[in-house]
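Novice: Provided below are the primary sequence and the corresponding predicted coordinates.
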Amino acid sequence: MTLTPVITEHWDDPELYTLAGYRRYGGYRALATALKTDPDALISLVKDSGLRGRGGAGFPTGLKWSFVPQNDGKEHYLVVNGDESEPGACKDIPILLANPHSLVEGVVITAYAIRAKRAFIYVRGEVPAAIRRIANAVAEARAAGLVGTNILGSGVDVDIVVHAGAGAYICGEETALLDSLEGFRGQPRLKPPFPAVAGLYASPTVINNVETICNIPYIVDRGVAWFRQFGTEKSPGFKVMAVSGHVNRPGIYEAPLGITMRELLDYAGGMRDGRPVKFWLPGGSSVPMLTAEHLDIPLTYEDMAAAGTMLGTGTPMLFDDTVSVVKAVTRWLEFYKHESCGKCTPCREGTYFITGTLERFEHGHGSDAELQTLTDLCGQIAGRSFCALGDAAATPYPAAMKYFRDEFVAATTTPADEQFDPAASYVFAGATAR
Amino acid sequence: MPISDSTREQLDELVARYPRPRSALMPMLHLLQSIEGEVTPDGIGACADAAGVSAAEATAVASFYTMYKRRPGATHHIGVCVNTMCGLLGGDAVYDALAQRLGVGHDQATEDGAFWLERIECQAACTHAPVMTVDWEFMDDVTPSSAVDVVDRLARGEEVASTRGPVIRDWRASERTLAFPEDGLAGEGTPVDAKMLAGLAVAKERGMAAPGVPDPAPTAGPEATA
């Protein structure tokens, strides 16, 4: 399957981030089309396209929009989730840096479709580079009458606020994001009610990922049939994939859904030094790992699910055979422990105990009994937490045990750094062991 | 430090951005941090007043998010990603080299107040591992020696540019950008680098492109199956 740059097609134009640069390639043409279209027809269009959320869950975007009650006399809101913080996920920040106007255009079209006059773009705080780029794009669009009141003389009003977070992975969870945007601690809400009914300020709200919204102008401009040329029946479209790890050319690759990891890996120049893939994750640390035997499975929502994992954010991480899986899993759990918001007990306490236990394994002090303890702990978090962070934290260990049990057994006596020289997995030349 | 009238005016400006005042709390805390060099009780009080909440409620927010520093920050904030990808690809060695050079550990500032070192979580730049941040601007693909070189140059007052952004200012300036992101620097540096263009380069090299709009354009696609 070939690469198909759409969102990334003109990223090599250094002016693309400006309004003039974006307009060179038909930018804001879709907005003009959309404003002449009935909002309900736009919702149907996106439903028909089959576009699924690119933030990880893959929920059908048009369906999500259609959940917003119309003609209810309430203020509606659109919130864009740019809190990209999942280990391995690094595709929204590049989009904000390179093609921010595609997001702005998508936001205005989406807000119009769901009848929202206000939109918020929530970007994690640790990336001022991306925040100033998107804020600049919003300001340019506002000055050109593409954002604000009476857009393009249509009588439609949409204002956009760029909002910076302040360091909390949990704010990528949509209801935690809403609490954060309301000026509270970022802690998830109990659902239902879902945001489509009671979201920001208890008003109907659509929350979509950055990349999801960036698809909208292209779908409006080029049509459903064009969009469905890419991907599969259940996973239509193209995907901005970020390939990271021990590959020769890590970076951003845009391809149709359904491309295989092996094909993508070939485009990324293969593994460094011709080493084998030891394990890889299709989309973030929250999805179960796979091994070299899974490289030919199409990267779609349905095929990844059938393989026992998830497409997630569609940003594959690949590790070669120099890496200790015990150490990799321990690091991910340290992350979940750090980022657990503390609201619910299974996640708050569970991540604490799993991490402590894994750290003992990493240092060669695990025990056979604790292998089972870890399994039990994960079982007591998954499905019993307030939000998906708990489920995610319970994912890496069981997935790793499925393929690399021997390494955990070895870690009952031998530290990870003795099983695998840490310096061997470094990517810079002249690396020496600590 | 007493809160100046100018600061209060800026807080009001942030409040005006949102439908409800409390939503401005996070940018307000970023702003106060940029002005005062930390989130102080006075600063929290001013934010709480502007947001119409109690100081206790504002403190609960300030203490939740890791970017808010409730003790004096340093001139430069140095972050090293030690999550799985960056850490195992060399971030661990980068962190050790910086800790040794600066003589401080995680979440500590140097005595002269020049640098604050922090082990940070995933920075959404795994393609650029190992990643370091200076005042939250990207320093991609670092090595232990290039990372130490960055802090040495900053210590000497030399100009250091982010690998995907502008010339490094200081931590307070970055914090101000988070409150008022239109800082005039959007066109500075090269925010789109070779790794972000990796796939596009391969596609061009091999003559690959996305299909164009079908001609004539069909009017409807198949029904969504979701």
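Specialist: Looks like it came in fine.

Novice: test my guess that A:Ile219 contacts A:Phe227.
Specialist: Yes. Assessed by C-beta atoms under 8 Å, A:Ile219 is found in contact with A:Phe227 at 5.1 Å. Yep, even glycine has a C-beta here, placed from its N, CA and C like the rest.

Novice: of these two, who's got more company?
Specialist: Counted by other C-beta atoms under 10 Å in any protein chain shown, A:Ile219 and A:Phe227 do not tie: A:Ile219 has more neighbours, with 27 against 24.

Novice: related to what we said a few turns ago, who touches both of A:Ile219 and A:Phe227?
Specialist: Residues touching both A:Ile219 and A:Phe227 (C-beta atoms under 8 Å, 6 or more residues apart in numbering or on different chains) are A:49, A:51.

Novice: how about B:Ile78, phi and psi?
Specialist: Dihedral pair for B:Ile78: phi -110, psi 120, per degrees, to the nearest 10.

Novice: let me know how buried residue 131 is, in neighbour terms.
Specialist: Picked chain A for this. 29.

Novice: my bad, the chain I had in mind was chain B
Specialist: Burial measure for B:Val131: 28 neighbouring residues, criterion other C-beta under 10 Å.

Novice: what residues are up against it?
Specialist: B:Val131 touches B:80-81, B:86, B:91, B:123, B:125, B:138-142, counting by C-beta under 8 Å, 6+ apart.

Novice: ok, now how distant is it from B:Lys195?
Specialist: 11 Å (C-beta to C-beta, to the nearest Å).

Novice: most centrally placed residue in chain B?
Specialist: By C-alpha atoms, centre = their mean, chain B has its centre lying nearest to B:Trp136, at 3.3 Å.

Novice: residue of chain A with the smallest distance to chain B?
Specialist: As assessed by C-beta to the nearest C-beta, chain B sits closest to A:Gly251 within chain A, at 2.8 Å.

Novice: so what's that residue closest to, chain neighbours aside?
Specialist: Distances taken as C-beta to C-beta, 6 or more residues apart in numbering or on different chains put B:Ala198 closest to A:Gly251, at 2.8 Å, once the chain neighbours are dropped.

Novice: low-confidence ranges, chain B, go.
Specialist: Applying pLDDT under 70 to chain B picks out residues B:1, B:214-226.

Novice: what's the burial count for the one residue in chain B that gets nearest to chain A?
Specialist: Nearest to chain A, among the residues of chain B, is B:Ala198, at 2.8 Å (C-beta to the nearest C-beta). Using other C-beta under 10 Å, B:Ala198 has 23 other residues around it.

Novice: one more: A:Asp12?
Specialist: The burial count for A:Asp12: 16, using other C-beta under 10 Å.

Novice: what helix or strand is it on?
Specialist: Using DSSP states H and E, A:Asp12 sits in no helix or strand.

Novice: kindly report the same for A:Gly356.
Specialist: Using DSSP H and E, A:Gly356 sits within helix A:345-362.

Novice: does that helix reach chain B?
Specialist: No. Against chain B, helix A:345-362 shows no contacts by C-beta under 8 Å from any C-beta of the partner chain, the least distance being 11.8 Å.

Novice: could you give the angle of the next helix or strand after that helix to helix A:345-362?
Specialist: Going down the chain from helix A:345-362, the next helix or strand is helix A:368-381, by DSSP H and E. Helix A:368-381 runs at 160 degrees relative to helix A:345-362, counting by axes from the mean of the first three to the mean of the last three C-alpha atoms, to 10 degrees.

Novice: so for helix A:368-381, mean pLDDT?
Specialist: Taken as a whole, helix A:368-381 has an average pLDDT of 97.

Novice: hmm, who's touching it?
Specialist: Residues outside helix A:368-381 that contact it (C-beta under 8 Å, 6+ apart): A:346-347, A:350-351, A:353-354, A:357-358, A:360-361, A:390-391, A:393-395, A:397-398, A:401, A:405, A:408-409, A:412.

Novice: now do that helix: distance to the chain's middle.
Specialist: Remark: helix A:368-381 is offset 28 Å from the chain centroid, using C-alpha atoms, centre = their mean, to the nearest Å.

Novice: thought the residue of chain A closest to chain B was touching B:Leu197?
Specialist: Yes. At 7.3 Å, A:Gly251 counts as touching B:Leu197 under the criterion of C-beta under 8 Å.

Novice: which one of those two is surrounded by more residues?
Specialist: Counted by other C-beta under 10 Å, A:Gly251 and B:Leu197 do not tie: A:Gly251 has more neighbours, with 26 against 20.

Novice: wait, what's in contact with the more buried one?
Specialist: Here A:Gly251 is in contact with A:242-243, A:268, B:127, B:194-199 (C-beta under 8 Å, 6+ apart).

Novice: please enumerate the strands of the stretch 251-400 of chain A.
Specialist: Ranges of strands in the stretch 251-400 of chain A, per DSSP state E, counting those that start in this stretch, are A:251-256, A:277-281, A:317-320.

Novice: point out where chain A drops to low pLDDT.
Specialist: Chain A contains residues with pLDDT under 70 at A:429-434.

Novice: so does the top strand by length along it get close to chain B?
Specialist: As assigned by DSSP state E, the longest strand anywhere in chain A is strand A:238-245. Yes. Strand A:238-245 comes into contact with chain B (C-beta under 8 Å from any C-beta), by way of A:238, A:241-245.

Novice: on that earlier part again, in helices, which of the contacts of A:Gly251 fall?
Specialist: When DSSP state H is applied, the contacts of A:Gly251 are split such that B:198-199 fall in helices.

Novice: just put the contacts of A:Gly251 in TSV and tack on distance to A:Phe67.
Specialist: TSV is the format used below for those (distance: C-beta to C-beta, whole Å):
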residue	distance to A:Phe67
A:Ala242	30
A:Val243	34
A:Ala268	38
B:Thr127	34
B:Ala194	41
B:Lys195	38
B:Met196	34
B:Leu197	38
B:Ala198	37
B:Gly199	34
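
Novice: name the member of the contacts of A:Gly251 with the most neighbours.
Specialist: Going by other C-beta under 10 Å, A:Ala242 tops the contacts of A:Gly251 with 32 neighbours.

Novice: tell me who's in contact with A:Ser201.
Specialist: Check again: residue A:201 is Tyr, not Ser. Taking C-beta under 8 Å, 6+ apart, one finds A:75, A:77, A:182, B:19-20 in contact with A:Tyr201.

Novice: I'd like to know which of those are buried.
Specialist: A:75, A:77, A:182 (16 or more other C-beta atoms under 10 Å in any protein chain shown).
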